[in-house]
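Student: Give the three-dimensional model of this entry:
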Amino acid sequence: MIFNFVSYEHTVTPYGSNVDAERLEKLFTGIGYNVKVRQDPSSAIDFKTELTDLLANFVNSDSVVAAVMARG
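Tutor: Residues are numbered from 1 along each chain as shown. Coordinates of the predicted model:
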């Protein structure tokens, strides 16, 4: 799961952030992971809920990768 926080209040949009997310997605897909990219979760509660669900659903997996990206 890649969480990519792009939009911030009162800041310029970091255009390279999407490129970084795409590269991470390609890397982890290439080594066999099932990758989901989540752009700008609408709130901190949504982020927490999605991260908690991710970890709960894969508790018996060999590995889980969660990348949290933010620039600003």
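
Student: where exactly do the strands run in this structure?
Tutor: In the chain, the strands defined using DSSP state E lie at 2-5, 37-39, 67-70.

Student: Including mean neighbour count and distance to Ile45, could those go into JSON lines?
Tutor: (Each C-beta comes from the backbone N, C-alpha and C, glycine too.) Formatted as JSON lines, those follow (neighbours: other CB atoms under 10 Å; distance: least, CB to CB, whole Å):
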{"stretch": "strand 2-5", "mean neighbour count": "20", "distance to Ile45": "13"}
{"stretch": "strand 37-39", "mean neighbour count": "15", "distance to Ile45": "14"}
{"stretch": "strand 67-70", "mean neighbour count": "14", "distance to Ile45": "15"}
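
Student: Mean pLDDT and distance to Gly16 for those strands - can I get that in a markdown table?
Tutor: Output for the strands of the chain, formatted as a markdown table (pLDDT from 0 to 100; distance: least, CB to CB, whole Å):
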| stretch | mean pLDDT | distance to Gly16 |
| --- | --- | --- |
| strand 2-5 | 81 | 11 |
| strand 37-39 | 84 | 14 |
| strand 67-70 | 82 | 10 |
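
Student: between the ones you listed, which gets nearest to Asn57?
Tutor: When these are ranked by proximity to Asn57, the top entry is strand 37-39, at 14.5 Å, counting by CB to CB.

Student: re earlier: can I get the strands of the chain in a markdown table including distance to Thr52?
Tutor: Output for these, formatted as a markdown table (distance: least, CB to CB, whole Å):
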| stretch | distance to Thr52 |
| --- | --- |
| strand 2-5 | 13 |
| strand 37-39 | 14 |
| strand 67-70 | 14 |
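
Student: Much appreciated, bye for now.
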